[in-house]
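1. one predicted model, sequence on top.
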Amino acid sequence: MKITPVLVVEEVEACLPFWVDRLGFTKVAEVPEGDKIGFAMLVNEGTELMLQSAESVRKDFAPFAPDSKPSGVTLFIEMPDFADILRRMEGYPVAMPERTTFYGMREIGVRDPAGHIVILASPAGQ
């Protein structure tokens with residue numbers, strides 16, 4: 001089984017710097033929607049993420065098109081090095097300050113440019 005999140009966003013282009021430049025994903029495919037990107041597939045070390053514009057969803061299957069709010073999905077991304085997470089998020093607005101959880105993870109929380117909640121974490125002992 002494989003699960004790949006598809007985040008519906010207003011503009012794919014606005015989200016790419018966060019996912020590609022900050023978190024190290026590589027855009028491996030894109031589908032145009034007029035003069036914009038309607039869909040992009042991103043990968044990072046075996047992890048896959050898809051971004052699809054709300055306009056593209058409306059044209060593909062309108063009942064699945066979102067209202068103006070981001071989805072209620074929270075992405076939990078475990079990375080091996082918390083110092084690297086902090087470096088990647090330097091200067092980016094942090095929504096949930098650093099904490100260590102009862103289950104042994106150091107975490108910070110941010111919102112991607114589309115408003116989705118993204119928790120970045122690594123084992124506290126590392």
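-> Nice, I can see it. These figures come from a predicted structure and were not determined experimentally.

2. residue ranges with poor pLDDT in this structure?
-> For the chain, the stretches flagged by pLDDT under 70 are 68-70, 126.

3. just give me the neighbour total for residue 106.
-> For residue 106, the count of nearby residues is 19 (other CB atoms under 10 Å). Just so you know, the C-beta spots here come from the backbone N, C-alpha and C atoms, and that holds for glycine as well.

4. now swap in residue 52 and tell me
-> By other CB under 10 Å, the residues close to residue 52 number 21.

5. all helices of the chain, in order?
-> With helices called from DSSP state H, the chain shows them at 12-16, 54-61, 82-88.

6. quick one: contacts for the spatially closest residue to residue 108 that is not a sequence neighbour?
-> Excluding the flanking residues, the one nearest residue 108 by CB to CB, 6 or more residues apart in numbering is residue 98, at 5.0 Å. By CB atoms under 8 Å, 6 or more residues apart in numbering, residue 98 lies in contact with 86, 106-108.

7. any idea how far residue 16 is from the closest residue to residue 74 other than its chain neighbours?
-> Spatial nearest neighbour of residue 74, excluding adjacent residues (CB to CB, 6+ apart): residue 117 at 4.2 Å. As judged by CB to CB, to the nearest Å, residue 117 and residue 16 stand 19 Å apart.

8. over to residue 57?
-> For residue 57, the distance to residue 16 equals 18 Å [CB to CB].

9. which stretches in the chain count as strands?
-> Taking DSSP state E as the test, the strands found in the chain are 6-9, 26-33, 36-44, 47-53, 74-78, 96-100, 105-111, 117-123.

10. about what we covered before: can I get the contacts of residue 98 in TSV including distance to residue 122?
-> Shown next, in TSV, are those (distance: CB to CB, whole Å):
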residue	distance to residue 122
86	10
106	6
107	8
108	10
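
11. from those residues, which single one is nearest residue 53?
-> Minimum distance to residue 53 across those is 27.5 Å, recorded for residue 108 (CB to CB).

12. check contacts around the closest one.
-> Going by CB under 8 Å, 6+ apart, the list of residues near residue 108 reads 85-86, 89, 94, 96-99, 119-120.

13. what do you get for residue 11?
-> Listed by CB under 8 Å, 6+ apart, the contact set of residue 11 reads 36, 53.
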